[in-house]
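K.L.:
I need the structure of the sequence given here:
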Amino acid sequence: MSSVPSPISAEPAGAAPLRRLMWFTVGYLAFAVLLASLVRGQPGLLFGQMRMMLGFLSYVLGSWATVLALALAVALWVFGAHRVAARARVVAGATLAVVLMLTAFSLVKTTMPALLPFWADPALAAVDRALHGGHDPYALLHDWAARVGLPGPRMHGFYLAVWALPAMGLPILLAAFDRDAARIRRFLLLYLFAWPVLGNVVALAGLSVGPVFYDRLLDTERFAGLTAALAASGLADSGLGSIQSLLWRDHLAGNTSPGSGISAFPSVHVATATVTALYLAERHRALVVPGVLFLLAILFFSIYSGYHYAVDGYVSIVLVTAAWALLRRPLSLPAAMRRRVAIAPVGGLR
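P.N.:
Residues are numbered from 1 along each chain as shown. Below you'll find the predicted structure:
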């Protein structure tokens with residue numbers, strides 16, 4: 001008589017798709033290292049990238065240490081030590097997959113300008129202005145923020161640290177807190193769609209630097225108003241201004257440290273915020289409003305800071321939402337085949 005595994009000994013939900021994520025990230029990293037080695041001639045990039053990515057991930061997790069400790073305490077109380085220990089192995093694997101994925105993403109992103117020149121900025125800037133009644137979106141947002149007294153520099157931490165936990169660490173959060181294998185699989189696919197697909201493949205097709213670097217790239221004064229607005233808001237003298245200056249220096253020097261690559265279209269910040277909002281909406285209807293507000297805040301600051309054209313975020317929202325809708329649809333089978341599946345005995349189909 002066969003025994004049914006107990007809940008304690010059973011594999012945690014989502015373990016199988018998370019294993020597939022690990023295999024994908026290993027292949028993705030191998031491709032990134034090969035690409036960077038061939039194009040840049042720097043085969044030793046990998047170890048420095050992984051060390052810096054681990055340091056950044058440790059910083060993000062440390063920033064959320066209190067929340068994560070509370071979540072662990074609740075998990076121990078609700079599920080018990082055995083189930084938490086089993087899930088901890090899956091969480092450890094997800095953490096390693098995140099580090100490998102982000103390392104590969106950074107290697108590819110910093111290599112993209114060596115493959116193609118930045119070409120799409122004039123077109124994106126023109127589309128932005130056409131979509132907003134002849135105005136640049138950054139100007140509209142800075143005018144509104146000045147009227148309501150929005151403290152722009154304070155949003156910088158939100159745009160980076162608060163965004164980073166769900167945006168970068170979604171597989172870790174899924175492994176730790178989600179028990180729906182189908183939902184875990186769906187959002188792991190969306191996670192990969194937002195990072196490698198949009199952030200590398202689509203970004204390479206529309207390679208651009210964004211409004212804040214437009215004049216430096218093309219030697220124009222097209223976005224002189226943005227420079228003045230960033231100075232007036234205090235952002236130019238904040239940590240954001242320092243990071244933007246560092247990004248441009250790294251670009252000119254060809255540096256490849258994590259986060260140093262430049263590409264505006266489409267916005268990975270907004271894409272991953274969209275994934276987060278959709279996940280919250282699936283978990284509970286009460287989380288729809290916080291998810292939408294989070295997405296709007298990221299979209300707002302991506303434009304306000306000059307990192308992105310508005311169209312960068314709009315396209316990201318549309319593409320991620322469309323991918324989510326497709327992943328939620330059941331497989332479309334002809335009616336005759338559906339009847340065969342319905343009546344076939346177990347093992348009857350090959």
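
K.L.:
Give the burial count for residue 320, as a bare number.
P.N.:
Residues near residue 320, counting by other Cβ atoms under 10 Å, number 24. Using the backbone N, CA and C atoms, a C-beta is placed for each residue, glycine as well.

K.L.:
Quickly find the element holding it.
P.N.:
Using DSSP states H and E, residue 320 falls within helix 310-328.

K.L.:
Check which residues of that helix are buried.
P.N.:
In terms of neighbour count (16 or more other Cβ atoms under 10 Å), helix 310-328 has its buried residues at 310, 311, 312, 313, 314, 315, 316, 317, 319, 320, 323, 324.

K.L.:
same check, this time on stretch 117-124
P.N.:
Buried residues in stretch 117-124, counting neighbours by 16+ other Cβ under 10 Å, are found at 118, 120, 121, 124.

K.L.:
returning to what we had before: for the helix holding residue 320, which helices and strands make contact with it?
P.N.:
When contacts are defined as 3 or more Cβ pairs under 8 Å, 6 or more residues apart in numbering; DSSP states H and E, helix 310-328 packs onto helix 121-131, helix 181-192, helix 268-283, helix 288-304.

K.L.:
sorry, back to before: looking at the buried residues of stretch 117-124, which one is closest to residue 261?
P.N.:
Residue 261 lies nearest to residue 118 out of the buried residues of stretch 117-124, by Cβ to Cβ, at 11.7 Å.

K.L.:
Surely that closest one touches residue 204?
P.N.:
No. If you go by Cβ atoms under 8 Å, residue 118 and residue 204 don't touch, sitting 10.9 Å apart.

K.L.:
Only alpha carbons, please: show stretch 247-267 as CSV.
P.N.:
Provided in CSV are the C-alpha atoms of stretch 247-267 (Å, rounded to 0.1, in the frame of the first residue of the first chain):
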residue,chain,number,x,y,z
LEU,A,247,26.7,56.6,-14.0
TRP,A,248,27.8,58.9,-16.8
ARG,A,249,31.5,58.7,-15.7
ASP,A,250,31.2,54.9,-15.6
HIS,A,251,29.7,54.9,-19.0
LEU,A,252,32.5,57.0,-20.5
ALA,A,253,35.1,54.9,-18.7
GLY,A,254,33.5,51.6,-19.8
ASN,A,255,33.1,50.4,-16.2
THR,A,256,30.9,47.4,-15.5
SER,A,257,30.1,47.6,-11.8
PRO,A,258,26.5,46.4,-10.9
GLY,A,259,24.0,49.1,-11.6
SER,A,260,26.4,51.2,-13.8
GLY,A,261,24.8,50.5,-17.1
ILE,A,262,22.6,53.1,-18.8
SER,A,263,19.5,52.3,-20.8
ALA,A,264,16.2,54.1,-20.6
PHE,A,265,13.7,52.3,-22.8
PRO,A,266,11.8,50.4,-21.6
SER,A,267,11.9,51.1,-17.8
